[in-house]
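**Q** I'll drop the sequence and a predicted model, then ask my questions.
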Amino acid sequence: MKNTAFIPARAAGLPSHALLLGAVAALVLLLAPLAARAQTINLMAPSIANVSGMLTARFGVTVVEKVMLKGELQDGAQLALRCAVSLYKARDYWLDGHLASSSFESVLSSDPLTGEFLMTLPGRSTPLRAKDIETLLREGWGTIEVSLGPWDMLERGQKYSLILNTSMNEADAPDGVSRFIYFWSWDAGADASFQLDFTY
């Protein structure tokens, strides 16, 4: 590793504003590739359903920049969609009571030998395959179901909140560290979450 030394602007014969502009330009060049790679995933509003006696959250996910996604996969990236779903009982004077939580994880990749895109899904022993990325996304993520527990946990007349957090990132990236950033937030905030309030 090369040693570096700080050289004051006057000693280097450069005006201080020139060094500042150079630093800003370097920062822009470093951030530009990350901004170019970032894409958006759209979340279709979730709903609650009774599926064989189980309280189930239903929603869908679509990727806006499919061409960019296709290129990343063909370059060897493996990308994971992670969805965390939680159900809370709303309370007027206390913090909402946590009732149940569950998650969904699906990994996208490509097979260079067949030219197909692959998608793993919970409950499937083999991945979905398709040569068209849009077809694969529609089949695997068009409708996602996450079971939260028995339907009879709901009480008549009680208010509830369903919290959904969705992110898409490199499959092997450590928590909080990634080269690609994919997120969508229904709210204007940066928490990338959607809250569905309902009364049973």
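**A** Arrived safely.
**Q** from here on, contacts and neighbour counts on C-alpha atoms
**A** Will do.
**Q** list the contacts of the lengthiest strand in the chain.
**A** The longest strand of the chain (DSSP state E) is strand 97-111. Outside strand 97-111, the residues that touch it by Cα atoms under 8 Å, 6 or more residues apart in numbering are 73-74, 76-91, 116-122, 146-149, 171.
**Q** which parts of that strand are buried?
**A** Buried residues in strand 97-111, counted by 16 or more other Cα atoms under 10 Å: Ala100, Ser101, Ser103, Phe104, Glu105, Ser106, Val107, Leu108, Ser109, Ser110.
**Q** that strand pairs with which strands?
**A** strand 79-89 (antiparallel), strand 116-119 (antiparallel) (DSSP bridges).
**Q** tell me which strands the helix or strand that the shortest one is followed by pairs with, and in which orientation.
**A** Past strand 116-119, further along toward the C-terminus, the next helix or strand under DSSP states H and E is strand 128-130. Paired with strand 128-130 in the same sheet, following DSSP bridges, are strand 116-119 (antiparallel).
**Q** CA atoms of the partner strand as CSV?
**A** The C-alpha coordinates for strand 116-119 follow below in CSV (Å, rounded to 0.1, in the frame of the first residue of the first chain):
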residue,chain,number,x,y,z
GLU,A,116,-31.8,-19.4,-18.7
PHE,A,117,-32.5,-17.3,-15.6
LEU,A,118,-33.1,-19.2,-12.4
MET,A,119,-35.2,-18.3,-9.3
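**Q** what residues of it count as buried?
**A** Glu116, Phe117, Leu118, Met119.
**Q** same check, this time on stretch 150-157
**A** Buried, per 16+ other Cα under 10 Å, within stretch 150-157: Trp151.
**Q** now do stretch 78-96
**A** Per 16+ other Cα under 10 Å, stretch 78-96 contains these buried residues: 78-90.
**Q** equivalent analysis for stretch 112-129, please.
**A** Here stretch 112-129 shows Glu116, Phe117, Leu118, Met119, Thr120, Leu121, Pro127, Leu128, Arg129 as buried, counting by 16+ other Cα under 10 Å.
**Q** closest one of these to Asn50?
**A** Checking the buried residues of stretch 112-129 against Asn50 with Cα to Cα, the nearest one is Leu121 at 21.3 Å.
**Q** wait, that closest one sits on Glu139?
**A** No. Taking contacts as Cα atoms under 8 Å, Leu121 lies outside contact range of Glu139: 10.8 Å.
**Q** any buried residues in stretch 50-64, and which?
**A** Buried residues in stretch 50-64 (16+ other Cα under 10 Å): Met54, Leu55, Thr56, Ala57, Arg58, Phe59, Gly60, Val61, Thr62, Val63.
**Q** give me the mean pLDDT for that stretch.
**A** Computed over stretch 50-64, the mean pLDDT rounds to 93.
**Q** identify the residues contacting it?
**A** 39-49, 69, 85, 137-138, 141-152.
**Q** just checking, which helix or strand of the protein averages the lowest pLDDT?
**A** Lowest on mean pLDDT, DSSP states H and E among the helices and strands of the chain sits helix 16-37, with a mean of 35.
**Q** how close does Arg129 get to Glu170?
**A** Per Cα to Cα, to the nearest Å, Arg129 is found 19 Å from Glu170.
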